[in-house]
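Sharing a sequence plus its predicted fold:
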Amino acid sequence: TLLYTIKFEQVGSLKMSEKHSSAEESEGEELELTEKEGLLDLAWERQQAKTFTAWCNSHLRKLGIYIESVAQDFRTGVNLIKLLEVISGGEIARLETGKMRIHKVNNVKKALDFVASKGVNLIGIGAEEIVDGNLKMTLGMIWTIILRFAIQDISVEEMSAKEGLLLWCQKKTAPYKNVNVTNFHTSFKDGLAFCALIHRHRPDLIDYNHLRKDNAVYNLQYAFEVAEKELDIPIMLDANDIASTMRPDERAIMTYVSSYYHAFASSQQASQAANRICKVLNVNQENENLMEEYETLASGLIEWIEHMIPWIDQMREQRASSKAEVKARLEEFRTYRLTVKPPKTEEKGKLITDYNTLQTKLRLSNRPAFLPSEGKLIMDIEQAWDNLETTERGVEHHLMQELIRLERLEHLFARFSQKCDSLAAWITETKSFFKKDNIAECDLNELLGKIKSDDAFDTDMGIHRERLDQITNLAQDMVQQGFSKAAEVAARSQAMNGMLPPSPLRQRGGSQVPSNERNVGEPATSQDQAPRGPGNGPNEWNVTPIPPQAAEVAAGRLRRR
C-alpha cells in the first residue's frame, strides 16, 4: 500500500531544509528571502484553495451540492463525507446531524478514518483543525484525498502516480513545438501544454498553429474555456494568477492536469467500448453476409448442376444423324469440360471454404452454428457434384464411338451405291444386247450363237445375283443401325431386286431349255426358274422366243458336236 506521509508546519507549506548562511550574509538579504517565501506561500495557498474547491465541486455536483470554500464548507464533516462517498463509490458511515462541536468532530473523524483505511498515513492532521477551519490543514487533507483517489491509480508504462502523470503529459505533448513538459509548475505556465493536451485528443477543438508562446494568459484562458465547454472539465485555475506567478503551485497544476487525464481516459474507454461494439456488429454483419452469400452460391450451383445433367444425358442417349452433328456435340462437350466447368469447380471450392470459415467465426463468437436451407447442405452439394461427374463419365468415349459408327455407315453407303450403280449398268447393257430380232429367219449357226449367248448370260447373272445379295445385306445393316438415309437405301434395294432379267432361252411359254450343265430334255429344277418381279419379264427385256423345233435341232447339233 502506498503511504503518503504529509507533514504540515505553521510557517508555510514550503520548507527550506539544510539552509546554510555564511556569517558574511547581510541582514537585508535574509529579510528579502523571507519575504519571497511568504509571497510564494500566499500565492500557492490561493491557487490551491481555488483549485481544490473546483475539484471538490466537480464531484459534489453529482449530488447537487456546491461549496464556496473548502475551509468553511467542510467544517461540519457532512460535505466531506459526501465527497468521499462520491469519489469512492461506497457508503462511509452514518452522519451525525447534531449542531454541537462534538458532532462535527465525530463526522470529520469518520471521514479521516476512511481515508486512513485506504492506506494513507495522515500526520499532523486532526479532526479539530478541520472543524476549526484551519485552511492549511484543510488544504493538506484535500490534497491527500486527491492523491489517493485521482492520481495514485494513474499508471503509464509501469510508472504510477505523479511520475506516471508526468510521463503521460510528456508522451502526449512530444510532437508539439514550444512545449517541453518536465514538471508541474513552470512547464504549464505559458498555457501551450494545456492546449497541446486538448489538441492531441481533440484536434477539432484547438487551433494550435495560431497560438503564441508569449501570449500566456490567452493560451491559458483558451484552454480552460474549451476544456470546460467541450470536455466538461471545470475551470480550476486562474489564468492571470498562473501567468503572473513565478512558480505556479505544483499541487494545483497536478490536480487540474489529472482531470484532463481522467476525461481523456474515460473518452478513450468509451471509444474503445464503442469500437468493440462496432467490431461485434461488423463481425455479425460479416457473418450475415457470408450466410447470404453461401445460400446464393449454393442455389446457383445446384441449379446449374440440375441443368447440366439432362444436357449431358441427351448427348449420350440421342443418336446423331451425321458426322457433323457428332463433331459439333464433341466440341461442345469439350468446351464444357475445359471452359464452363472449371469456374464452377472453383465456385464449389469457395463455397466449402466460406462455409468452414463461417462456422469457425460463429464458434469463436459463441454463436449457434449456421444451418443452410434444406437441400443446400455441403453433403447435398457434394452429392449433386458426384451425380454430375457420374453422368459425364464415358460421354466423350460414347461420342467418339458414335463418330466411328457414322463413318462406317457412310462407308457402307458408298459401297452400297457403288454396287447398285454397277448392277444397274450391267442390267442396262444386257437389255440392249437382247434386242428384239427375227429368230425365225436365223440359220443354224446364228441360232447356235444365240444359244451360247444365253448360256453366258446365265453364268454372268449368277455373279450379279450374288452382288444383289450383297446389296440387300448392306441395306439391312444400314437400316438396323439407324442410318439417316435408311428409307432411301431400303427403296433402292427393293428396286434392284426387281430388275434382274430372266434367261431369254429359258422362257418358252412354260417349257424350259436345258443349260449346258444338263442334258436336253431333263426336267427343270426350281433353281432354274427366273424370279418374277417388276422389270424381269421377257416382254420388258424384248426377248424373242426361239421356236421349239429350232431349239431341238440346235440342241441335237450341239450333242453331235
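Noted; the coordinates are in hand. Residues are numbered from 1 along each chain as shown.

what about K327, how many neighbours?
For K327, the count of nearby residues is 14 (other C-beta atoms under 10 Å). Backbone N, C-alpha and C define where each C-beta goes, glycine included.

Tell me the spatial nearest neighbour of it, not counting adjacent residues.
L403 (6.9 Å; C-beta to C-beta, 6 or more residues apart in numbering).

does that neighbour sit in a helix or strand, and which one?
helix 395-433 (DSSP states H and E).

Just the buried residues of that helix, please?
395, 398-399, 402-403, 405-406, 409-410, 412-413, 416-417, 419-420, 423, 426-427, 430-431 (16 or more other C-beta atoms under 10 Å).

packing partners for that helix?
In terms of contacts (3 or more C-beta pairs under 8 Å, 6 or more residues apart in numbering; DSSP states H and E), helix 395-433 is packed against helix 250-317, helix 323-335, helix 444-480, helix 486-497.

and that helix with helix 323-335, angle?
170 degrees (axes from the mean of the first three to the mean of the last three C-alpha atoms, to 10 degrees).

could you check the angle helix 250-317 makes with helix 395-433?
Using the same axes, to 10 degrees: helix 395-433 against helix 250-317 is 20 degrees.

okay, the angle between helix 395-433 and helix 486-497?
Using the same axes, to 10 degrees: helix 395-433 against helix 486-497 is 30 degrees.

Surely M291 is in contact with Q359, unless I've mixed up the numbering?
No. Applying C-beta atoms under 8 Å, one finds M291 not in contact with Q359, separated by 10.7 Å.

quick one, which of these two is more surrounded?
Neighbour count, other C-beta under 10 Å: between M291 and Q359, M291 has more, with 17 against 13.

ok, for that one, nearest residue in space, not its chain neighbours?
According to C-beta to C-beta, 6+ apart, the nearest residue to M291 is F370 (5.8 Å).

how about the one you found, what does it touch?
N287, M291, Y294, Y355, L358, Q359, L362 (C-beta atoms under 8 Å, 6 or more residues apart in numbering).

average model confidence for stretch 421-430?
For stretch 421-430, mean pLDDT is 79.

got it, and stretch 190-207?
94.

Kindly report the same for stretch 337-350.
pLDDT averaged over stretch 337-350 gives 91.

so how far is that stretch off the chain centroid?
Computed by C-alpha atoms, centre = their mean, to the nearest Å, the chain-centroid distance of stretch 337-350 equals 17 Å.

Now that stretch: buried residues?
For stretch 337-350, using 16+ other C-beta under 10 Å, the buried residues are K341, K344, K348.

Likewise for stretch 318-333?
Buried residues in stretch 318-333 (16+ other C-beta under 10 Å): A320, K323, E325, V326, R329, L330, F333.

Give me the contact list for that stretch.
Here stretch 318-333 has contacts from 312, 315, 395-396, 399-400, 402-403, 406-407, 410, 482, 484, using C-beta under 8 Å, 6+ apart.

Next: stretch 42-56.
By C-beta under 8 Å, 6+ apart, stretch 42-56 touches 13-14, 67-71, 83, 135-136, 139, 142-143, 146, 150, 234-238, 241-242, 245, 248-249, 251-252, 255-256, 259.

repeat that with 7 Å
13, 67, 69-70, 83, 135, 139, 142, 146, 234-238, 241, 245, 248-249, 251-252, 255-256 (C-beta atoms under 7 Å, 6 or more residues apart in numbering).

ditto for stretch 169-180
By C-beta under 7 Å, 6+ apart, stretch 169-180 touches V181, S187, L192, A193, A196, L197, R200, Y208, K213, V257.

Point out where the protein drops to low pLDDT.
1-40, 268-274, 320-321, 432-458, 500-561 (pLDDT under 70).

related to what we said a few turns ago, could you dump the contacts of stretch 318-333 to TSV with distance to W44?
Formatted as TSV, the contacts of stretch 318-333 follow (distance: C-beta to C-beta, whole Å):
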residue	distance to W44
I312	95
M315	99
V395	98
E396	98
L399	102
M400	104
E402	108
L403	108
L406	112
E407	114
E410	117
G482	116
S484	116
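
ok, which pair from those is furthest apart?
Taking C-beta to C-beta, the two most distant members of the contacts of stretch 318-333 are I312 and E410; they sit 26.3 Å apart.

possible to save the helices and strands packed on helix 395-433 as JSON lines with distance to T173?
Formatted as JSON lines, these follow (distance: least, C-beta to C-beta, whole Å):
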{"stretch": "helix 250-317", "distance to T173": "11"}
{"stretch": "helix 323-335", "distance to T173": "69"}
{"stretch": "helix 444-480", "distance to T173": "101"}
{"stretch": "helix 486-497", "distance to T173": "100"}
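
of these, which approaches V120 most closely?
Per C-beta to C-beta, nearest to V120 of the helices and strands packed on helix 395-433: helix 250-317, 15.3 Å.

which strands and helices sit next to that closest one?
helix 27-60, helix 161-173, helix 192-201, helix 341-364, helix 378-392, helix 395-433 (3 or more C-beta pairs under 7 Å, 6 or more residues apart in numbering; DSSP states H and E).

could you dump those helices to TSV with distance to E225?
Shown next, in TSV, are the helices and strands packed on helix 250-317 (distance: least, C-beta to C-beta, whole Å):
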stretch	distance to E225
helix 27-60	14
helix 161-173	20
helix 192-201	11
helix 341-364	48
helix 378-392	64
helix 395-433	84
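
Right, I'll leave it there.
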